[in-house]
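Novice: I would like to see how this sequence folds:
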Amino acid sequence: MDVFLIIIGILLLLMGFVGCVLPVVPGTPLAYLSLVALHFTSLASFSAKQLIVWLILVVAMQTADYLIPMMGVKKFGGSKYGNWGCLIGTVIGVVFFAPWGILIGPFAGAFVGELIAGKKADLAFKAGFGAFVGFLFGTILKIGLCGWFAFCFIRALVQ
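Specialist: You can find the predicted model right below:
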């Protein structure tokens, strides 16, 4: 059973890294589940505190994944119209145009939102660019969290 759970854990971890880049795959939850699978082997035993803290980090990262592009809009001079556009564009992009929609959706939504607010195209473009920068920053954070989970997974196997 240990070998089966380790293989499942490795597959979940690999899918987690893929999910950090492709939005249709929930990367950080899958990487977390790899640790949960490993926890039920005789090779590793994570404490309940570790598992709960990691779960909180996963939930926070999943939430931040939607909020960080909106913060980018605001940082680059966008208004609440740009923020709402970014959020709506992200959802539409993920649902209808995956996988590329996650790149284009926040940008296009913020851009359109700012145009609706009456801003000139150059300022709307700047807000859209902020959404894109926010998306890239969020992706880097997800990769970092999945990397931490991979480190914990490998460390538990080697001990």
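Novice: Tell me who's in contact with the nearest residue to Leu33 once chain neighbours are set aside.
Specialist: Spatial nearest neighbour of Leu33, chain neighbours left out: Leu12 (5.0 Å); criterion: C-beta to C-beta, 6 or more residues apart in numbering. The way it works is simple: take the backbone N, C-alpha and C, and place the C-beta from them, glycine included. For Leu12, the contacting residues are Leu30, Ala31, Leu33, Ser34, Ala37, by C-beta atoms under 8 Å, 6 or more residues apart in numbering.
Novice: Kindly report the same for Val112.
Specialist: Listed by C-beta under 8 Å, 6+ apart, the contact set of Val112 reads Gly85, Gly89, Ala124.
Novice: That one and Ile92, how far apart?
Specialist: Distance of Val112 to Ile92, given as C-beta to C-beta, to the nearest Å: 11 Å.
Novice: Just after the helix or strand bottoming out on mean pLDDT in the chain, pick out the following helix or strand.
Specialist: The weakest-scoring helix or strand in the chain, judged by mean pLDDT, DSSP states H and E, is helix 80-96 (a mean of 87). In the C-terminal direction, the helix or strand that comes right after helix 80-96 (DSSP states H and E) is helix 101-116.
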